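Novice: Sequence first, predicted coordinates after that:
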Amino acid sequence: MAMLHFGNAHARTHPFARLGWALWLSLWLLAVVTPVADGAAACTTLTSEHQRFGFNFSRDGGQTLTAYDPAPLHAGWYLDYTYTDQPVRAADLEFIQIVRSATWRSPTFTATLTSAVTANPGVLWLAGNEPDRRGQDNLIPTEYAAFYHQVYQLIKGLDPTAQVAIGGVVQPTPLRLRYLDMVLAEYARRYGTALPVDVWNVHAFILPENYIWGAAIPPGLDAYADEGMQYGANDHDNMTIFMQNIRAMRQWMAARGQRDKPLIVSEYGILLSPRHGFDYTRVRTFMLATFDFFRTATDANSGYPADGNRLVQRWSWFSLNAEPWNPQTGNGFNGNLYNPTTFQREPLGQDFIDYVAPLVTPTVDLMVADLRLDPPTQLISATAPVRATVTVRNAGSVTARDVVVQLWQGDPASGGSLIAESTAFFTVAPGCNQTIPTAFEWQPTGWLPGNYTLFAQVRSQQNTPPDSNPTDNQQTALFLYLERPLTVNLYLPQIER
């Protein structure tokens with residue numbers, strides 16, 4: 001059995017047991033005093049009802065969001081089926097990153113995803129897009145479990161503040177829920193733990209599941225083809241089916257211990273054309289009915305408790321600008337909010353505006369989400385400067401403008417001294433996944449040895465609208481300053497057998 005002793009001047013010691021006091025102290029500080037003293041500030045999204053609404057953007061043909069004017073839609077978020085270092089964040093929109101199976105199979109996958117994660121801390125990532133559909137990500141359940149694991153581990157390893165959502169299956173039918181069950185089982189078998197999900201995600205189309213047209217049979221589930229739902233074309237906008245499927249998804253989550261997770265619908269709409277019976281009036285009626293349902297549907301047994309037991313937290317309409325159905329080629333879709341050729345708003349886009357605009361509640365809620373010091377202690381005044389990184393977010397619903405970040409020694413409300421200030425005003429778009437890091441460097445010249453409390457503070461010079469929660473506008477961190485290193489020796493414990 002090992003024996004534990006404290007060394008002394010006469011004891012037989014381990015070669016590394018005797019360390020200088022200053023070195024020991026710096027190691028201890030790195031382990032203990034590096035903290036963000038108040039912890040990372042909690043950020044709650046959806047301070048305005050309009051932030052729940054999103055849209056899917058098609059990049060086909062080299063389309064760019066900057067060619068459109070999505071601001072009047074008052075949507076809260078969008079996706080374009082890609083991930084990127086520098087997403088377009090127009091009109092206060094949050095960008096949701098999506099990792100596709102095609103990029104997973106690319107030799108540059110790790111490098112490109114690492115770059116995007118590093119450049120976009122704290123964002124929401126969707127691991128795949130319709131993995132259950134041939135022609136989309138097309139992964140059998142065992143492949144998707146491996147894909148999800150690699151994506152999740154890479155993202156979380158680089159950014160623990162990121163959120164990862166499962167890829168959306170085409171529709172939450174019994175056959176597709178079987179696919180998800182097979183994914184869960186394979187993940188547990190392969191990795192010895194439950195599949196970790198921060199946000200559940202599903203698509204909500206109404207399509208037949210067969211080998212003729214529609215959603216097809218999920219890859220790897222041919223043996224269960226007779227379980228497929230045989231919806232007809234006229235069911236494509238059936239609100240009874242739509243609501244039943246969404247409730248089925250929530251019930252499936254609750255039965256598997258996932259009720260306490262948010263659910264988003266990252267793609268849904270009307271794909272069939274006017275020639276198939278879906279004219280503008282019919283599409284409009286369906287879209288507005290789904291908005292009503294999403295906003296009001298709750299369930300005391302399966303709904304998300306943190307959101308008043310609502311079934312769905314956010315939803316995204318397909319599409320802003322997909323290629324319209326072409327009767328000559330048979331290609332294209334329905335339900336566009338904007339015309340992809342003229343870039344002008346369609347009547348359905350105006351309907352979207354008329355519904356969402358009254359729901360906008362303009363709020364600004366600036367917060368210091370993180371404060372980190374490097375190094376956490378300064379041992380010699382002549383060494384390299386201290387670096388403080390202050391991460392700012394806006395948990396409100398509209399952009400905060402003329403924002404300034406300051407670093408103080410001591411409480412600025414009671415005689416603290418200003419150390420540094422951002423040299424230019426900047427803007428902070430709303431949404432918890434939009435972060436602005438600001439770095440300061442300084443040397444504590446003239447400081448007396450001792451403990452100091454540093455304050456990071458953020459505020460907007462423009463007071464419209466006023467900050468709705470000024471209590472989270474600052475954070476503190478402990479900083480220990482020693483004018484010169486000490487030479488007192490410390491004897492660490494030695495181990496004898």
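Specialist: Now that the structure is in, tell me what you want to look at. Residues are numbered from 1 along each chain as shown.
Novice: And the strands in the stretch 251-400 of the chain?
Specialist: 263-269, 314-318, 366-374, 377-378, 386-394, 400-409 (DSSP state E, counting those that start in this stretch).
Novice: Relative to the fourth one, what are the paired strands and their orientations?
Specialist: Here strand 377-378 has these sheet partners by DSSP bridges: strand 474-481 (parallel).
Novice: Next, the angle from the strand it pairs with to strand 366-374.
Specialist: Angle of strand 474-481 versus strand 366-374, following axes from the mean of the first three to the mean of the last three CA atoms, to 10 degrees, is 20 degrees.
Novice: can you list the domain ranges for the protein.
Specialist: 24-41+363-481, 49-359 (automatic domain parsing).
Novice: which stretches of this structure have low pLDDT?
Specialist: Low-confidence segments of the chain (pLDDT under 70): 1-45, 380-383, 433, 483-497.
Novice: ok, and the closest non-adjacent residue to the residue nearest to the spatial centre of it?
Specialist: With distances taken as CA atoms, centre = their mean, the residue of the chain nearest its centroid is Leu124 (1.9 Å). Spatial nearest neighbour of Leu124, excluding adjacent residues (CB to CB, 6 or more residues apart in numbering): Gln163 at 4.7 Å. Where C-beta positions appear, they are placed from N, C-alpha and C, glycine not excepted.
Novice: Could I get the strands of the stretch 251-400 of the chain in CSV, plus columns for mean neighbour count?
Specialist: Formatted as CSV, the strands of the stretch 251-400 of the chain follow (neighbours: other CB atoms under 10 Å):
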stretch, mean neighbour count
strand 263-269, 25
strand 314-318, 24
strand 366-374, 22
strand 377-378, 20
strand 386-394, 22
strand 400-409, 20
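Novice: Can you add distance to Leu79 and give those strands back as JSON lines?
Specialist: As requested, the strands of the stretch 251-400 of the chain are arranged in JSON lines below (distance: least, CB to CB, whole Å):
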{"stretch": "strand 263-269", "distance to Leu79": "6"}
{"stretch": "strand 314-318", "distance to Leu79": "7"}
{"stretch": "strand 366-374", "distance to Leu79": "23"}
{"stretch": "strand 377-378", "distance to Leu79": "43"}
{"stretch": "strand 386-394", "distance to Leu79": "20"}
{"stretch": "strand 400-409", "distance to Leu79": "24"}
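Novice: Out of these, flag the one nearest Gln86.
Specialist: With respect to Gln86, and counting by CB to CB, the nearest of the strands of the stretch 251-400 of the chain is strand 386-394 at 18.0 Å.
Novice: Report the inter-axis angle for that closest one versus strand 366-374.
Specialist: Going by the same axes, to 10 degrees, strand 386-394 is angled at 160 degrees with respect to strand 366-374.
Novice: which helices and strands sit right next to strand 386-394?
Specialist: Contacts defined by 3 or more CB pairs under 8 Å, 6 or more residues apart in numbering; DSSP states H and E place strand 386-394 against strand 366-374, strand 400-409, strand 426-428, strand 431-442, strand 450-460.
Novice: would JSON lines of those with distance to Thr296 be doable?
Specialist: Converted to JSON lines, those look like this (distance: least, CB to CB, whole Å):
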{"stretch": "strand 366-374", "distance to Thr296": "30"}
{"stretch": "strand 400-409", "distance to Thr296": "30"}
{"stretch": "strand 426-428", "distance to Thr296": "31"}
{"stretch": "strand 431-442", "distance to Thr296": "24"}
{"stretch": "strand 450-460", "distance to Thr296": "34"}
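Novice: Would you tell me which of these gets closest to Thr290?
Specialist: strand 431-442 (22.8 Å).
Novice: on that earlier part again, point out the one among the helices and strands packed on strand 386-394 that comes closest to Met239.
Specialist: Nearest of the helices and strands packed on strand 386-394 (CB to CB): strand 431-442, 30.1 Å.
Novice: how about Ala204, what does it touch?
Specialist: 171-172, 242, 245-246, 265, 267-268, 315 (CB atoms under 8 Å, 6 or more residues apart in numbering).
Novice: Closest one of those residues to Ser101?
Specialist: Nearest to Ser101 among those, with distances taken as CB to CB, is Glu267, at 16.2 Å.
Novice: I'd guess Gly446 is in a strand, am I close?
Specialist: No - Gly446 is assigned coil when assessed by DSSP: H, G, I helix; E, B strand; the rest coil, not a strand.
Novice: OK, contacts around it?
Specialist: Not one residue lies near Gly446 by CB under 8 Å, 6+ apart.
Novice: What separation do you get for it and Tyr481?
Specialist: Distance, Gly446 to Tyr481, using CB to CB, to the nearest Å: 10 Å.
Novice: Quick one: the strands in the stretch 51-200 of the chain, in order.
Specialist: If DSSP E, counting those that start in this stretch is used as the criterion, the strands of the stretch 51-200 of the chain fall at 53-56, 77-79, 94-95, 97-99, 124-129, 163-168, 200-203.
Novice: Which of the ones you listed sits closest to Gly450?
Specialist: strand 163-168 (40.1 Å).
Novice: That closest one versus strand 431-442: what angle between them?
Specialist: Using the same axes, to 10 degrees: strand 163-168 against strand 431-442 is 150 degrees.
Novice: residues making contact with strand 163-168?
Specialist: Under CB under 8 Å, 6+ apart, the answer for strand 163-168 is 123-131, 137, 144, 148, 151-152, 155-156, 180, 195-203, 264-267, 433.
Novice: Can you say which of those residues are buried?
Specialist: 123-131, 137, 144, 148, 151-152, 155-156, 180, 195, 197, 199-203, 264-267, 433 (16 or more other CB atoms under 10 Å).
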